[in-house]
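> Generate coordinates for the sequence data below:
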Amino acid sequence: MRMINFQNGNFHITDKIIVGTDKNYDDVLQLAPTNRTWDIKNGYKWIYFKDVEIDDLCFHIGICFHNERLFRIDFGFTNKVQKNLTWENWQYEDELKQKDTYENWLTKLIGEQRNFSWGKIGTYFDPRGGTSAISITYQ
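You can find the predicted model right below:
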C-alpha cells in the first residue's frame, strides 16, 4: 500500500482511514475514536496511531491539527523485530541512524523532490526529545 498520495497529500493509514486536507480533527477522530489524543489548548490538537503494521514495518503516527485544519503528520517506523524499543535501550547514535533510514526510505519512495503544491515532506532529528521522524507539513 502506498501511504502518501503525492498528487494531493492524502495519507493512508489503513484502507478506511485516509487523512487529507479535506478532513478536520473531528472527521479523523470519528474514524479512530479510541486513539490517544492531546489537546494542547492553543489551537493545536493531536491524534496518535500506534503499531500500524504495513508490509514488514510497524508505524507510529501523530496527526496534528491547528484550529481544526490538518497542519502536520509526523511518523516513523521500525521493523517488527525492533517493535519493543524502550528508553533503556535508546542510544543517540542509533537515533541518528534511524533518521538516515527515514531519509533513505523517503528517497526510495519519492526521490529527491520534497516540496509539493499541497505541502512538503522531510525528516528531522530532535536531540532534546531524543526522536527522529518523517514529517509532512501541509500548506
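> so Phe59 bridges to which residues?
Beta-bridge partners for Phe59, by DSSP bridges, are Val52, Phe77.
> mind listing the strands in this protein by residue range?
11-12, 18-19, 37-39, 44-54, 57-66, 69-79, 115-116, 119-126, 131-138 (DSSP state E).
> For the ones you listed, give me JSON lines that also has mean pLDDT, distance to Leu29 and mean neighbour count.
Glycine gets a C-beta too; all of them are placed from N, C-alpha and C. Listed next are these as JSON lines, based on pLDDT from 0 to 100; distance: least, C-beta to C-beta, whole Å; neighbours: other C-beta atoms under 10 Å:
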{"stretch": "strand 11-12", "mean pLDDT": "94", "distance to Leu29": "15", "mean neighbour count": "18"}
{"stretch": "strand 18-19", "mean pLDDT": "96", "distance to Leu29": "11", "mean neighbour count": "20"}
{"stretch": "strand 37-39", "mean pLDDT": "97", "distance to Leu29": "7", "mean neighbour count": "13"}
{"stretch": "strand 44-54", "mean pLDDT": "93", "distance to Leu29": "6", "mean neighbour count": "16"}
{"stretch": "strand 57-66", "mean pLDDT": "95", "distance to Leu29": "10", "mean neighbour count": "19"}
{"stretch": "strand 69-79", "mean pLDDT": "94", "distance to Leu29": "12", "mean neighbour count": "19"}
{"stretch": "strand 115-116", "mean pLDDT": "96", "distance to Leu29": "26", "mean neighbour count": "13"}
{"stretch": "strand 119-126", "mean pLDDT": "95", "distance to Leu29": "21", "mean neighbour count": "16"}
{"stretch": "strand 131-138", "mean pLDDT": "96", "distance to Leu29": "18", "mean neighbour count": "20"}
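> want to throw those strands into TSV with distance to Asp100?
Listed next are these as TSV, based on distance: least, C-beta to C-beta, whole Å:
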stretch	distance to Asp100
strand 11-12	22
strand 18-19	26
strand 37-39	28
strand 44-54	20
strand 57-66	16
strand 69-79	12
strand 115-116	21
strand 119-126	9
strand 131-138	9
